[in-house]
Structure formats: C-alpha cells, structure tokens
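In: Okay, sequence plus prediction incoming.
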Amino acid sequence: MNATPDIVAAAQGRSGGCLCGRIRFTVKGKAVYPHTCSCPHCQKLGGGPMMWWAGFAPDDVTWTGEGGEPTWFETFEGEAKRGFCPDCGSRLAAIDSDVPELGIVVTALDDTTGPDLVPVNQSFRDNSVHWLPQVPDTQNSPVG
C-alpha cells in the first residue's frame, strides 16, 4: 500500500514560529476544523478583520525554539488562553476548555498551503467587515 502525499506530509509534520524566531514549533497530523474567526476578540488579538485557526492534537505539537512554549494569556478566566511570543508579540496558539485540540494560528506556520488548512467556515460572520468576502460555509460551525 502506498501512502498518499498528504499522509506523508502530515506524518512528517510542519514547522512554524514567531516573527523573531525565538519560539518555534512543529505540528504533526492533519489539521482539524481550519476556520477563520471574526469575533471582536480575534479582531483585536490579531489586529485585523479576522484570524485563521486550525486545531492539532496537543500531543502532536512540540515547542522547539530557544524560547520554549509561548507565554499564555488567560483571555477568558477558566475558559481560554492565547499563546504569544513575549519578545515580538506574535500570536501563535490557543487553548480553549471546550475544544480538545490546541489551536494554532495558521499564519504562524512556515507553509500555509496544505489542503487541510483551507478554512471550512468563518465564525462570527455578523462581526465581519462588510468589504471583505466571506469564507464559504462548507461546514457547520461548532462555535460562533
């Protein structure tokens, strides 16, 4: 049995990191629920009209840079944390109490071209800017 290129790439993993390079990471496996989010929180956090997220099993994420894990900021007490580089401020990850995967900011990946990273939904469409086309709703959103 031959492995498909997608299976081989997912097993090998992807790398990513912050802008200054202090925090680096690898992820293995296929992305879970890639989506954009236009909630007011993500807009302020990302400094733009939306953020692009994808989930990975926590055991499949390894922090590899000299800075170790990101600094975690508790955005919603007891419910959510967001990880960032304390040196350059890059947003990298999210931990949400009701989501089993570790959320990775897709733009923190070195290569964002994987077919499993294409957003399947846009959360919080009602908060989105009117001049930007919406991400087609290809999957019902479990949030937003």
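Out: Nice, thanks for sending it over. Numbering: from 1, shown residues only.

In: where does this structure dip in pLDDT?
Out: Residues of the chain meeting the criterion pLDDT under 70: 1-12, 138-144.

In: in it, which spans are helices?
Out: Taking DSSP state H, the helices of the chain run over residues 5-12, 40-46.

In: Show me which residues of the shortest one are buried.
Out: Buried residues in helix 40-46, defined by neighbour count with 16 or more other Cβ atoms under 10 Å: H41, C42, Q43, L45, G46. All C-beta atoms are positioned from the backbone trio N, CA, C, and that covers glycine.

In: Does anything pack onto that helix? Which helices or strands?
Out: strand 51-56 (3 or more Cβ pairs under 8 Å, 6 or more residues apart in numbering; DSSP states H and E).

In: So which elements touch the strand it packs on?
Out: Checking 3+ Cβ pairs under 8 Å, 6+ apart, strand 51-56 ends up next to strand 32-37, helix 40-46, strand 102-105.

In: export the ones you listed to CSV and tack on distance to A93?
Out: Shown next, in CSV, are the helices and strands packed on strand 51-56 (distance: least, Cβ to Cβ, whole Å):
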stretch, distance to A93
strand 32-37, 14
helix 40-46, 12
strand 102-105, 6
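
In: Tell me which of those approaches W52 most closely.
Out: strand 32-37 (5.2 Å; Cβ to Cβ).

In: Format the buried residues of helix 40-46 as TSV; extra columns: distance to L19.
Out: Output for the buried residues of helix 40-46, formatted as TSV (distance: Cβ to Cβ, whole Å):
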residue	distance to L19
H41	21
C42	18
Q43	19
L45	15
G46	13
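
In: Which single one of the residues you listed is nearest to V105?
Out: Sorting the buried residues of helix 40-46 by how near they are to V105, with Cβ to Cβ, puts G46 at the top with 7.8 Å.

In: what's that closest one in contact with, if anything?
Out: Contacts for G46 were tallied using Cβ atoms under 8 Å, 6 or more residues apart in numbering; they are R91, V105.
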